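1. Make a model of this:
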Amino acid sequence: MTSAVDLIRPTTRRQFLELARGLKKATIEACWQDGGFLPVALDNPPSTERAALFASYSAGVDWTDAQHVERALGVFEALLREKKADDERYPHAAGNWRVGVQRALGQDGYELTERLQIVRIGGWRPEHATSDVESYKLAVRLLVGARNQMERLPAPVASLPEERLRDILLVSLNAFFEGESTGETLNGKGKTDILLRIGDRNVMVGECKIWGGTAAFCKAIDQLLGNLGAYDTQTVIPLFIRATDPGGITDRAVGAVKEHQAYASTGSMDSVNRQYEFVLRRGGGEVTLTLVPFALA
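-> Sure, this is the predicted structure:
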């Protein structure tokens, strides 16, 4: 009887363990948990906390099972994207990790695409075939990138109405998600400005808003919540600011979310990339809201 063989070799897994040493523990844990994995106890864990955390989740994968491996490769993709994001934030500390990862994956019959997708050599799958959580994070990152470009060249967009600004964001999203993002789409109790739907699942619901004061902004939050379906949990508000003090208005918007009746808790406050995450209460569940301010004065 032939024994089962690991589909991803221990040396390849070791390559990702070494890469994870440079990431935050919370990031490592979130990537594995998003993949649906749980940690297991190790008899002889690695000496460092981050490596030990990675190894405890890796040990819970059946590396001979194709479905387990497919999910684990999704975790590896998420780790690679987090590493790339760290390199962009701290370029002085960036290393040439891509070559080692590519070489290791090649020994297992996989290759790494430019967008850090792990596919069979000669194979293909849609770039957005990741977990809903990862797709949401990618979508927010695309919105932040579009925001940064619009802020560098504000003249063409400074006077555009909200609908045209939204259309620009839809172009940015659809360039990656292959036309899965739509505007003015019926959902919940009304029409949502941005709806990213992959397959038959709503991955992100967005409400665009030009800043017009705290009261109007709070109404936008109410409208966003009203336009959610029963199982929609990931949302975004691109906030367009046409004032000379965008930082002050951003602070007011962050404060308004915290004072809103649906506010539950504060998530990641990334002031460097200017994206602010919150958890809102909705019925018996919770909704993630990411605020992305645009300084277009």
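
2. what ranges do the helices span in the stretch 101-250 of the chain?
-> Using DSSP state H, counting those that start in this stretch, the helices of the stretch 101-250 of the chain run over 132-152, 162-177, 214-226, 246-259.

3. Would you mind giving the secondary structure of the residue lying closest to Asp62 once chain neighbours are set aside?
-> Excluding the flanking residues, the one nearest Asp62 by CB to CB, 6 or more residues apart in numbering is His68, at 4.5 Å. Quick note: C-beta positions are derived from backbone N, CA and C, even for glycine. Per DSSP: H, G, I helix; E, B strand; the rest coil, the secondary structure class of His68 is helix.

4. What about His68, how many residues nearby?
-> His68: 18 surrounding residues under other CB atoms under 10 Å.

5. any idea how far Leu79 is from it?
-> Distance, His68 to Leu79, using CB to CB, to the nearest Å: 17 Å.

6. Same question for Asn273.
-> Distance, Asn273 to Leu79, by CB to CB: 19 Å.

7. Which one's more surrounded, those two?
-> Legend: neighbour count by other CB under 10 Å for Asn273 and Leu79, higher for Leu79 (22 against 17).

8. Next up, the contacts around that one.
-> Each residue near Leu79 by CB atoms under 8 Å, 6 or more residues apart in numbering is listed here: Phe16, Leu19, Ala20, Leu23, Thr27, Ile28, Cys31.

9. what helix or strand is the last one on?
-> Put plainly, it is Cys31. helix 25-34 (DSSP states H and E).

10. hmm, who's touching that helix?
-> By CB under 8 Å, 6+ apart, the residues outside helix 25-34 that reach it are 20, 39, 49-50, 53-54, 57, 75, 78-79, 82, 131, 133-134.

11. repeat for stretch 60-78
-> When contacts are defined by CB under 8 Å, 6+ apart, stretch 60-78 is touched by residues 4-8, 13, 16, 31-32, 34-40, 57-58, 110, 116-118, 130-131, 134.

12. out of the residues you listed, which are inside strands?
-> Secondary structure assignment (DSSP state E) places Tyr110, Ile118 from the contacts of stretch 60-78 within strands.

13. Tell me how far the closest residue to Asp132 other than its chain neighbours lies from Glu111.
-> Among residues not flanking Asp132 along the chain, Val203 sits closest, at 5.1 Å (CB to CB, 6+ apart). As judged by CB to CB, Val203 and Glu111 stand 26 Å apart.

14. what about the two, which has more around it?
-> Val203 (25 against 15).

15. That one contacts Arg197, correct?
-> Yes - between Val203 and Arg197 there is a contact at 6.8 Å, judged by CB atoms under 8 Å.

16. returning to that earlier point: what separation do you get for the residue nearest to Asp132 and Ala297?
-> Taken as CB to CB, the span from Val203 to Ala297 is 31 Å.
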